[in-house]
Structure formats: C-alpha cells, structure tokens
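In: What follows is a predicted structure for the sequence shown.
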Amino acid sequence: MLIYNPRQMALVTCKGKHALMGKSTEKHDIVPTTWHSPASSHPPMYAIFLENSTMACKLITQSGAFVVNFMPNSQVESVKKAQVISGEYTEKIEHLGLHELPCEKLVDSFRIKEAVGWLECELVEEKSFGDHILFVGRVVHSWMALDEKRVFHVEGNEFTTTR
C-alpha cells in the first residue's frame with residue numbers, strides 16, 4: 001500500500017521459550033515492522049502489528065513483553081537483512097551484526113544497542129486481524145535520541161531517512 005509510505009521501520013525484540021523439533025529452548029527474536037503507532041498517552045501505550053506466522057508472535061504472547069527499537073539510518077543494511085532472516089534456526093542478532101542489551105525495566109525481553117531509541121512494553125492486549133496480530137503494550141521505559149536520522153521504508157528494498 002504505497003499510499004501509506006514511507007513509514008518508519010522499527011525492529012521489535014522479544015524472547016521466550018520456543019519448541020523446535022520437540023525440544024523447548026530459549027529464543028531471542030528480532031522482527032521488523034512499519035505497522036506501529038502510539039495507542040494512548042495516559043497511560044502511555046504503543047501498538048504493533050506483526051504477521052501471525054512469525055515466531056515473535058508466539059514469544060510475545062508467551063512472555064508478555066516486547067521492545068520497539070528505532071534504528072538509525074546508518075543501520076539500514078541490518079534492517080534490510082532482518083526482513084529476510086528467520087530467527088527460528090539461528091541467532092538472528094549475530095547475523096544482523098547488532099548487539100543485545102538488557103532492558104532497563106523488563107526481564108522478559110531485550111533491546112538493541114545500536115538503536116537510537118526504544119520503548120519497553122508490557123503486553124496488555126492482543127487481537128488477531130486477518131494475517132496479522134495487533135499487540136498493545138504499556139510503555140514501562142523509553143528513550144530517544146532526537147538528533148539521529150532514522151530508517152523509513154518506502155517499498156520492497158527501497159528505504160529513505162529524515163532531513
């Protein structure tokens with residue numbers, strides 16, 4: 001839907017137990033999305049839509065937490081890779097050349113060191129819409145560097161930035 005583009009690209013991070021070949025393991029996942037928005041000011045809440053087939057949906061439902069990471073334009077290649085690499089069989093963060101940091105408030109998620117901002121969210125609502133799931137989280141901690149250029153997705157493999 002080009003009428004809505006460009007849209008700011010965010011990388012959503014989450015972690016939890018995932019069954020793979022009958023064995024439950026701790027998995028950390030990163031999933032890109034342009035479908036995200038503030039949902040409330042008081043209390044602060046943020047909404048994301050993710051394709052319901054992603055491992056991230058299962059991890060967020062199970063853990064009840066996610067982080068929205070806003071990436072600088074200098075990381076556009078990592079953002080592009082995040083669109084095509086699955087975290088189910090590999091440690092996605094290593095393949096993206098990014099680094100994991102613990103959250104300030106959440107225990108059940110992580111944030112990306114290279115992000116220029118993030119929102120740590122506790123899940124309060126989820127609802128299925130067609131091939132996507134809406135997750136709404138209460139923002140428990142946030143930070144943003146306002147002087148950084150951020151990544152915006154136009155379509156396909158085309159990206160742009162601000163300013």
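Out: Nice, thanks for sending it over. Numbering: from 1, shown residues only.

In: all contacts plus neighbour counts: C-alpha atoms, from now on.
Out: Will do.

In: ok, which stretches of this protein are helices?
Out: 55-63, 76-82, 92-96 (DSSP state H).

In: okay if I get those as TSV plus distance to Asp108, mean pLDDT and mean neighbour count?
Out: Putting the helices of the chain into TSV (distance: least, C-alpha to C-alpha, whole Å; pLDDT from 0 to 100; neighbours: other C-alpha atoms under 10 Å) gives the following:
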stretch	distance to Asp108	mean pLDDT	mean neighbour count
helix 55-63	6	95	20
helix 76-82	21	89	18
helix 92-96	17	90	16
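
In: Among these, which comes closest to Ile112?
Out: Taking C-alpha to C-alpha as the criterion, helix 92-96 is the member of these that comes nearest to Ile112, at 8.7 Å.

In: got the residue ranges for the strands in the protein?
Out: For the chain, the strands defined by DSSP state E occupy 7-8, 10-20, 23-33, 36-40, 45-51, 65-70, 100-102, 110-112, 117-129, 132-144, 151-155, 158-161.

In: Name the stretch among those that sits most buried.
Out: Scoring these by mean neighbour count under mean count of other C-alpha atoms under 10 Å gives strand 65-70 as the most buried, with a mean of 28.

In: Show me what the mean pLDDT comes to for it.
Out: Averaged across strand 65-70, the pLDDT comes to 97.

In: how much distance is there from it to the middle of the chain?
Out: Strand 65-70 sits 5 Å away from the centroid of its parent chain (C-alpha atoms, centre = their mean, to the nearest Å).
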